[in-house]
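Sequence and predicted model, in that order:
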Amino acid sequence: MGAEKPEMSIFVVVDDKNVPLYRVMWISSLPHFCGEEDCSREGQYEVRLEQGESVWASLAQRDEVLAAMEKWQGGMGQPDEEWEE
Ligand SMILES: [Zn+2]
């Protein structure tokens, strides 16, 4: 018995929000830097969602999101198979 959860959650927690994986458009590979003095997002990673929303992840959270998305994609099966004649 491993530590793996029996069911993969469709949600990942970023910045205290439960974000559904299917809403994630992209994830920044670099920490945010805009040069603004009072920027509270510096060093955080932007996780872009549908409809122009963003949430902000720490490095550890970003890695979690990436890992969760990879697992999630892998666990969704191969939709292409239905096309086989
Ligand atoms: Zn900024």
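Everything's here; your move. What you are looking at is a predicted structure, and each value in this text was computed from that prediction instead of being measured.

contacts, neighbours, all on C-alpha from now
Fine.

Helices of this protein, residue ranges please.
In the chain, the helices defined using DSSP state H lie at 59-75.

Quick check: residues of it near the ion?
Counting by Cα under 5 Å from the ion, the chain comes close to the ion at 34, 39.

If you drop the residues flanking it in sequence, what lies closest to the residue nearest to the spatial centre of the chain?
Centrality entry for the chain: nearest residue to the mean C-alpha point is V65, 3.4 Å, by Cα atoms, centre = their mean. The shortest distance from V65 to any non-neighbouring residue, by Cα to Cα, 6 or more residues apart in numbering, is to V12 (6.3 Å).

cool, and E46?
W56 (4.8 Å).

Could you count how many residues lie near the one you found?
Other residues lying near W56 total 23 when counted by other Cα atoms under 10 Å.

contacting residues around it?
Going by Cα atoms under 8 Å, 6 or more residues apart in numbering, W56 touches 14-15, 41, 44-47.

Low-confidence stretches in the chain?
Counting by pLDDT under 70, the chain has low-confidence residues at 1-7, 74-85.

Can you show me the strands along it?
Ranges of strands in the chain, per DSSP state E, are 11-14, 17-20, 24-27, 45-49, 54-57.

Cool, thanks, talk later.
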